[in-house]
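A.B. asks: sequence-free structure coming up:
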């Protein structure tokens, strides 16, 4: 496929014979000597994607004077070409004039690009419809020829659903004269207005280094309504994407993510019907908002925090149902050999490490792809909560005795010999489930450790998750290695079967919590269809336990297998694949922060927060999520109390809620400003301390909160 072809200029319209003699010859001569240009078109499957033309802002070349030479690209509707920094993908357009001796070309002038979101959350900086890329040409003092044939080579990448490279060899012939008239004035004026200015912006800017890059503060921006930042391409220190911000009273803050806060350069763009841009650069001596964690303490200290935080996870309410199962398992193993008990402890530990290191691998991969990832990010996906709910439900049915995994005789004997009562696979699965349910919790020490790790290299992230896994597994591994301590546990007996059945109820409580989270994420219908699926799973589990045992007849097994298949087809095929999938694809119509708990919450936005702080209002900022049990515990016991509500009202404190139940990049970036990657997290902004809020602990009490806001001494 030829990527372009030369097109002939349109033929002039026929002239009347009486006018041809007087006009045709001057017209031909002026067309030949003043301007001769060939355009090039890129075709794909019969469609013209890009038309490339070489244009100048003058009718003639005057020796010793400069003129502008432009590459005009006109793209088909829906297609785009790229800026000098293309973003996540794409290639910058190249425009290389081939000039005669004595001529020189200045740098390429790029108009302001647009931010385009492509499928897969890929952000690119590009141009749609048409763009004019300009170079200033300097001419020699003397030119001996009557005309100059200007040549240029250009390559580009044009994309829509697919990307197709294009190229063109262009030419423009201009006469040499002592004077010249402007040409293509409207075209050059249009795109000249879109060039970023190198002058000082007519508003105040400030740069503040943060642990995740830079904060670019804009103030006194007049009637501008929106601000954005486009970084120049940088190979050594790639700059992430900046979320555009609405300006409130001429003010906004742009978060520019770049590891290590090296100097960055780019274009700040303001919009108010029109778009204007200014080239700006950070200062190497800009003030730092806070010391970064690495500057305060070393890596080993944060790994120790991770170890302690992992140990404390065992005490968090979201993990207790599964931990109780493990303690129950220790009771059953009290009479076993020391070797067998150690095997179970190691299997449980292996499950913990597998989940945490697998989660670390996923986080590293997503960070490498440029995504913003956080602790417990998986719980922001309703499909994840739905699948985990199914796993928890099946575990509960197993504890109730609805079904047992029955293996052939030899396999059963081998499993018993290898793993003792319950099998090593059961201990391994319990380790995975325990860590899986632990991730919505952020324990003391854990938030600080994870905030440090998520801003570091892949090796540090993996090491931190290994430390958390070691901390969580430590008590079980220690108890397995010292089985003599099990003498303090009750002796096994018939009562244990009843206890096992009782422990199914905490798992059902966990299921109710997961259904509640799904309802908050996607509404009541999603809860109904998830519950209908679980009902079908329960029926399939009962058929399996009742009719697929070793004493069941062949006919009973056949009918039970058919019933299981029909139940799974109805549950997974219809309720899940059709009804739940539709509910999970849409957001419920509800406010981000509904004051159902007595506190008049204001939904979080950076613009609203900055507006309140600019007015001198004190703000209490609560980062929470419906799937965070610790958040709910703090809310009921320490925040939504009569004393705190009265203190908020008396002191004029604005309660602001950052609801992170569903993924919210603005909340994620705000957490990152304070080295946090999970919830709960609490900030209090006293009057006059907009840049230095009070950070409260993850586990709150009413007294801690009242003292922090100044309601108690």
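C.D. replies: Everything's here; your move. Quick caveat, the model's predicted, so the values are computed rather than measured.
A.B. asks: in the strand or helix carrying residue 475, what's buried?
C.D. replies: Element membership for residue 475 (DSSP states H and E) is helix 458-481. Across helix 458-481, burial judged by 16 or more other Cβ atoms under 10 Å covers 460-474, 476-477, 479-480. Every C-beta, even on glycine, is put in place using the N, C-alpha and C of the backbone.
A.B. asks: can you check stretch 230-241 too?
C.D. replies: By 16+ other Cβ under 10 Å, the buried positions in stretch 230-241 come out as 230, 231, 239, 240, 241.
A.B. asks: didn't residue 113 look like it was pressed against residue 230?
C.D. replies: Yes. Proximity of residue 113 to residue 230 meets the contact threshold set by Cβ atoms under 8 Å, at 6.0 Å.
A.B. asks: tell me, what's touching the two both at once?
C.D. replies: By Cβ atoms under 8 Å, 6 or more residues apart in numbering, residue 113 and residue 230 have these common neighbours: 83, 125.
A.B. asks: the strands in the stretch 501-650 of the chain, which residues?
C.D. replies: Counting by DSSP state E, counting those that start in this stretch, the stretch 501-650 of the chain has strands at residues 602-603, 619-624.
A.B. asks: closest to residue 403 out of the ones you listed?
C.D. replies: Residue 403 lies closest, by Cβ to Cβ, to one member of these: strand 619-624, at 37.7 Å.
A.B. asks: Just checking: what are the partner strands of the closest one?
C.D. replies: strand 654-659 (parallel), strand 681-685 (antiparallel) (DSSP bridges).
A.B. asks: and these as TSV, adding distance to residue 162?
C.D. replies: Listed next are the strands paired with strand 619-624 as TSV, based on distance: least, Cβ to Cβ, whole Å:
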stretch	distance to residue 162
strand 654-659	38
strand 681-685	43
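A.B. asks: Out of those strands, which gets nearest to residue 358?
C.D. replies: Relative to residue 358, the nearest member of those by Cβ to Cβ is strand 681-685, separated by 25.2 Å.
A.B. asks: circling back to that earlier point, mind checking which of the strands paired with strand 619-624 is nearest residue 171?
C.D. replies: Using Cβ to Cβ, the nearest of those to residue 171 is strand 654-659, at 58.4 Å.
A.B. asks: now the buried residues of stretch 230-241 as a markdown table including secondary structure?
C.D. replies: A markdown table is the format used below for the buried residues of stretch 230-241 (DSSP: H, G, I helix; E, B strand; the rest coil):
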| residue | secondary structure |
| --- | --- |
| 230 | strand |
| 231 | strand |
| 239 | coil |
| 240 | coil |
| 241 | coil |
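A.B. asks: The helix holding residue 475 - contacts with which helices or strands?
C.D. replies: helix 299-313, helix 338-368, helix 423-438, helix 446-453 (3 or more Cβ pairs under 8 Å, 6 or more residues apart in numbering; DSSP states H and E).
A.B. asks: Pick the most deeply packed of these.
C.D. replies: helix 446-453 (a mean of 26; mean count of other Cβ atoms under 10 Å).
A.B. asks: Report the mean confidence score over that one.
C.D. replies: In this model, helix 446-453 has a mean pLDDT of 58.
A.B. asks: same check, this time on stretch 508-520
C.D. replies: Computed over stretch 508-520, the mean pLDDT rounds to 82.
A.B. asks: ok, what's across the strand from residue 40?
C.D. replies: Residues in a beta bridge with residue 40, per DSSP bridges, are residue 6, residue 52.
A.B. asks: Would you quantify the distance from it to residue 193?
C.D. replies: 26 Å (Cβ to Cβ, to the nearest Å).
A.B. asks: any chance of the strands paired with strand 619-624 in CSV, with mean pLDDT too?
C.D. replies: Converted to CSV, the strands paired with strand 619-624 look like this (pLDDT from 0 to 100):
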stretch, mean pLDDT
strand 654-659, 93
strand 681-685, 92
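A.B. asks: got those as JSON lines, with mean neighbour count and distance to residue 122 columns?
C.D. replies: Output for the strands paired with strand 619-624, formatted as JSON lines (neighbours: other Cβ atoms under 10 Å; distance: least, Cβ to Cβ, whole Å):
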{"stretch": "strand 654-659", "mean neighbour count": "21", "distance to residue 122": "26"}
{"stretch": "strand 681-685", "mean neighbour count": "22", "distance to residue 122": "30"}
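A.B. asks: right, and residue 700 touches residue 636 too?
C.D. replies: No. Using Cβ under 8 Å, residue 700 is not in contact with residue 636, being 10.7 Å away.
A.B. asks: Deepest-packed of the strands of the stretch 501-650 of the chain, please.
C.D. replies: Among those, ranked by average contacts under mean count of other Cβ under 10 Å, first place goes to strand 619-624 (a mean of 23).
A.B. asks: Off-centre distance for that one?
C.D. replies: Centre-to-centre, strand 619-624 and its host chain are 21 Å apart (Cα atoms, centre = their mean, to the nearest Å).
A.B. asks: do stretch 548-559 as well
C.D. replies: 51 Å.
A.B. asks: same check, this time on stretch 78-98
C.D. replies: 25 Å.
A.B. asks: One more: stretch 602-614?
C.D. replies: Distance, stretch centre to chain centre, for stretch 602-614: 22 Å (Cα atoms, centre = their mean).
A.B. asks: what about that stretch, average pLDDT?
C.D. replies: Mean pLDDT, stretch 602-614: 87.
A.B. asks: still on that earlier bit, I'd like to know which of the strands of the stretch 501-650 of the chain lies nearest to residue 541.
C.D. replies: Closest among the strands of the stretch 501-650 of the chain, using Cβ to Cβ: strand 619-624, at 34.8 Å.
A.B. asks: Identify the residues contacting the closest one?
C.D. replies: With Cβ under 8 Å, 6+ apart as the test, strand 619-624 has contacts from 601, 604, 609, 612-613, 631, 635, 639, 648, 653-660, 667, 670-671, 676, 679-685, 693, 709.
A.B. asks: All good on my end, thank you.
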